[in-house]
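Visitor: Pasting the sequence and the predicted coordinates here, then a few questions.
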Amino acid sequence: MARNKIALIGAGQIGGTLAHLAGIRQLGEVVLFDVVDGVPQGKALDLSQSAPVEAYAPKFKGANEYAEIKDADVVIVTAGVPRKPGMSRDDLIEINLKVMEQVGAGLRKYAPEAFVICVTNPLDAMVWALQKTSGLPRNKVVGMAGVLDSARFRYFLSEEFDVSPQDIHTMVLGGHGDTMVPLIRYSSVAGIPLADLIKMRWITQKRLDEIVQRTRDGGAEIVGLLKTGSAYYAPAAAALDMAESYLHDKKRVLPAAAYLNGEYGVKGIYAGVPVIISAKGVERVIELDLTSAEKDALLHSVQAVKNLVEICQRIAPNL
Ligand code: TXD
């Protein structure tokens, strides 16, 4: 059986972690691409040398030429620059938009059939730009943020309740930024809604509000600690879950930045919503029956994404 090919555009912190996890999860052969000469090659060699110990069949390659990503099944894009302390995700827009133009051209030429997961920030605007510049079908280009934001929410709740994070389900909608919308009503511990857990005195509303805020600030908290960059272990794990759902036709229901074509009353931009990811790509956008307060919060977040997309269009009027 032919192996799947996974191309990682950007061989930095997240790219390297993605390659390692893809090896451990035996997802297929991995090509690490970067503009910096030597880094993807060095990481690929290092990873290949971990194979005898980890007991996986190695097939890692480092590259500086887009031709090497030819016919990739999945492409995960982390190319660009990350945040430093004091920066917002939106401060990255100008540099990373140029990067998306290059990556889009590479995808168009060498991997037009791929399922593409964008991770680069500011996420919702960059995935929009990547779809435009690559010209790939909208259901084959998605952004990763919701799985990470939900995982952060799950972890904080698991700490609070002292239960396994595995038994916690959460849903985070909207853009990947300060306006993201962690949905309390759709979050539960083994099916027990958070509202019931308040009644059961497991948590107070005030404490829950603090955890929601910590989730919104989850990325900045790590940037503040690391000082030299942003989170990479959890983002890589989250992006690979999306890749696996596509490669193995798992039909996972995951929050992702998906192209909205009228769903939630939004048209023409990407924003975080629950989707089903199958071998077809984004098979379906799930339209939740939101309360008016939830809908307002989502539309507020969508407005923040629209503002970023407008900045992109001012910088690159051809998009
Ligand atoms: O939830 C999410 N979506 C995110 C997003 C969570 C955490 C971090 N997120 C964003 O991912 C972050 O703000 C950055 O925009 C990306 C990548 O983060 P990472 O921590 O991996 O950044 P690095 O280590 O700086 O790696 C970026 C690599 C680096 O090796 C550069 O040489 C390379 O990108 N790079 C390029 N590769 C290809 N082509 C071009 N043009 C290019 N420019 C830089």
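Guide: All right, it came through fine. Residues are numbered from 1 along each chain as shown.
Visitor: where does the stretch 51-200 of the chain come near the ligand, residue by residue?
Guide: Proximity of the stretch 51-200 of the chain to the ligand, by CB under 6 Å from any ligand atom, involves residues 78-83, 92, 96, 99, 102, 119-121, 123, 144-145, 148, 176. Placement of C-beta: from N, CA and C, glycine included.
Visitor: Pretty sure residue 13 sits against residue 232.
Guide: Yes - contact criterion CB atoms under 8 Å: residue 13 and residue 232 qualify, at 3.9 Å.
Visitor: Just give me the neighbour total for the closest residue to the ligand within the stretch 151-300 of the chain.
Guide: Relative to the ligand, the nearest point of the stretch 151-300 of the chain is residue 235 (3.9 Å; CB to the nearest ligand atom). By the measure other CB atoms under 10 Å, the count of residues near residue 235 is 24.
Visitor: Just the buried residues of the one helix or strand it maps to, please?
Guide: Per DSSP states H and E, residue 235 falls inside helix 233-247. Of the residues in helix 233-247, 234-247 count as buried by neighbour count, 16 or more other CB atoms under 10 Å.
Visitor: Give the next helix or strand downstream of that helix.
Guide: Next along the chain after helix 233-247, taking DSSP H and E as the criterion, comes strand 252-261.
Visitor: before we move on, the earlier item: am I right that the residue of the stretch 151-300 of the chain closest to the ligand is in contact with residue 14?
Guide: Yes - between residue 235 and residue 14 there is a contact under CB under 8 Å: 5.3 Å.
Visitor: Give the residues shared as contacts by these two.
Guide: Common neighbours of residue 235 and residue 14 (criterion: CB atoms under 8 Å, 6 or more residues apart in numbering): residue 119.
Visitor: From residue 170, how far off is residue 199?
Guide: Here residue 199 is placed at a distance of 19 Å from residue 170 (CB to CB, to the nearest Å).
Visitor: which of those two has more neighbours?
Guide: The residue with more neighbours, out of residue 199 and residue 170, is residue 170; 26 against 8, by other CB under 10 Å.
Visitor: Give me the phi and psi angles of the more buried one.
Guide: Backbone torsions for residue 170, taken as degrees, to the nearest 10, come to phi -140, psi 170.
Visitor: my guess is it contacts residue 181, does it?
Guide: No - between residue 170 and residue 181 there is no contact under CB under 8 Å: 11.3 Å.
Visitor: Strands along the stretch 201-319 of the chain, start to end?
Guide: With DSSP state E, counting those that start in this stretch as the criterion, the stretch 201-319 of the chain has strands at 252-261, 267-278, 281-285.
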